[in-house]
Structure formats: C-alpha cells, structure tokens
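Visitor: predicted structure and sequence below. I'll ask about it afterward.
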Amino acid sequence: MPDATPTMAPEELAEVAASTSRHARAFVATVAEVASGRAVDAAIPLLLLATSDLLAAGARLGAMVDVVPDERFEPDCDADLDLDPLRTALARVLDGLDGYVEVVDPVLGPETGQASLSADLATVADALTQGIAHDDAGDHVEALWWWQFSYLSSWGERASSALRMLQLLLAHLRLDVDDDVAAEAEYDALQP
C-alpha cells in the first residue's frame, strides 16, 4: 500500500529549518542574556517575547507533516548542554517569581504539580541546542526532525507553560497597584 502521508518538498523543508533555526537561536541567546543578570529589569518582557516567538515557530512544526530524516538513527552531535548553571542563573534572576503550580496534564485530569520558569526555560534551551548542533553540522533535516519531535514531546509543553506564567507575571506587575496609587493616577489623568 502506498504511503498516504504527504511529504514536503526539499525547498519547503529548508525554509522551515532556516526559520526554526533563527527562532531557536534567538530564544537561546535571550535566555542566556537574561540568565547573565545583565537584563534583570527587562527579564520578564524579554522572556515573554522570546518564548512567544519560539512557540509560533513550534506551532508550525506541530501542524506540518512529520519530518523523517534519511537515516533512522540520530547522529551524535556533541550538544551536551549542562542545564544546571543556566537553570540556577535563571532562578537567581527570577527569585521570588520562579515557582508556580500547574495542571500536569489537563487532558488526563485535574492533578496539579510544582513547576518553575527556570527549569522550563532551561529544558527548552536544551532541546533547541540539540537541534542547533545538528543544524550547525549541516544536517538541516535532522535538526528539523529533532525540533519537531522535541516540540511535540517536551519543549512545546514547557514553553507553553512558561509563556502562560510569564504573561500572568507581567499582568500582575503592571496591573496590581496600590489603591492610593491608582486613585492618584486616575485623578491626574482627569485633570486638564
């Protein structure tokens, strides 16, 4: 029986791989910049932008047909990233805002568990870095396969959870103000 799954043309795969590579590299660079402590005041907005941009690329990966590399095994690409320093540095920058409670799998039930932005972002960076290593080695289809597989199996979920938390944090930071401050701002806004 012939394969009923449509395939993408090589040029289409190359375009998606190049776009995903740009998004992956931008995300990893932003997370590293925030973890360095040089952008503490802008950490939440920077992470929100980088994560939402990355998830747009991930949605494309999730919606397209499965990428199947020529080889049926993943070549070694020496991309062993030590997550602990990155996670620890992010936790330090996000001190007091890092931990949160989430529904573990809303499809399967209401069970909740503990999560942290630092662990989520480091996990996503690790998965992306593996694909970047394949991309840097010139194996763009393998990189694309890895990004798609890991989007569906891990980083898509972790990035989605992180994005929700980042958006909620930003909303609280911007909207939760003391009543006296809000009344004063309202009064000032109404004065000619």
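Guide: That came in fine, so what should we check first?
Visitor: CA only for contacts and neighbour counts going forward, please
Guide: Fine.
Visitor: for the residue positioned nearest the centre of the chain, give me the pLDDT.
Guide: The structure's the chain has its C-alpha centroid closest to residue 159; by Cα atoms, centre = their mean the separation is 3.8 Å. In the predicted model, residue 159 carries a pLDDT score of 97.
Visitor: for the strand or helix carrying it, buried residues please.
Guide: Secondary structure assignment for residue 159, by DSSP states H and E: helix 156-175. Neighbour counts over helix 156-175 (16 or more other Cα atoms under 10 Å) mark 156, 157, 158, 159, 160, 161, 162, 163, 165, 166, 167, 169 as buried.
Visitor: helices or strands up against it?
Guide: On a contact count with 3 or more Cα pairs under 8 Å, 6 or more residues apart in numbering; DSSP states H and E, helix 156-175 meets helix 43-63, helix 117-136.
Visitor: so which of those helices is the most packed in?
Guide: Sort those by mean neighbour count, taking mean count of other Cα atoms under 10 Å, and helix 117-136 sits at the top with a mean of 22.
Visitor: show me what that helix is packed up against.
Guide: Helices and strands touching helix 117-136, by 3+ Cα pairs under 8 Å, 6+ apart, are helix 10-35, helix 83-93, helix 140-150, helix 156-175.
Visitor: low pLDDT regions in this protein?
Guide: 1-7, 69-81, 177, 179-192 (pLDDT under 70).
Visitor: show me the contacts for the residue lying closest to residue 145 once chain neighbours are set aside.
Guide: In space, and not counting its chain neighbours, residue 145 is closest to residue 67: 5.2 Å by Cα to Cα, 6 or more residues apart in numbering. Counting by Cα atoms under 8 Å, 6 or more residues apart in numbering, residue 67 touches 141, 144, 145, 148.
Visitor: and which of the residues you listed is nearest to residue 103?
Guide: Here the nearest of the contacts of residue 67 to residue 103, counting by Cα to Cα, is residue 148; it sits at 23.6 Å.
Visitor: excluding its backbone neighbours, what's nearest that closest one?
Guide: residue 61 (5.3 Å).
Visitor: any idea how far residue 58 lies from residue 157?
Guide: According to Cα to Cα, to the nearest Å, residue 58 stands 10 Å off from residue 157.
Visitor: shared neighbours of those two, anything?
Guide: Contacts common to residue 58 and residue 157, judged by Cα under 8 Å, 6+ apart, are residue 151.
Visitor: hang on, isn't residue 166 packed against residue 43?
Guide: No - Residue 166 is beyond contact range of residue 43, at 9.7 Å (criterion: Cα atoms under 8 Å).
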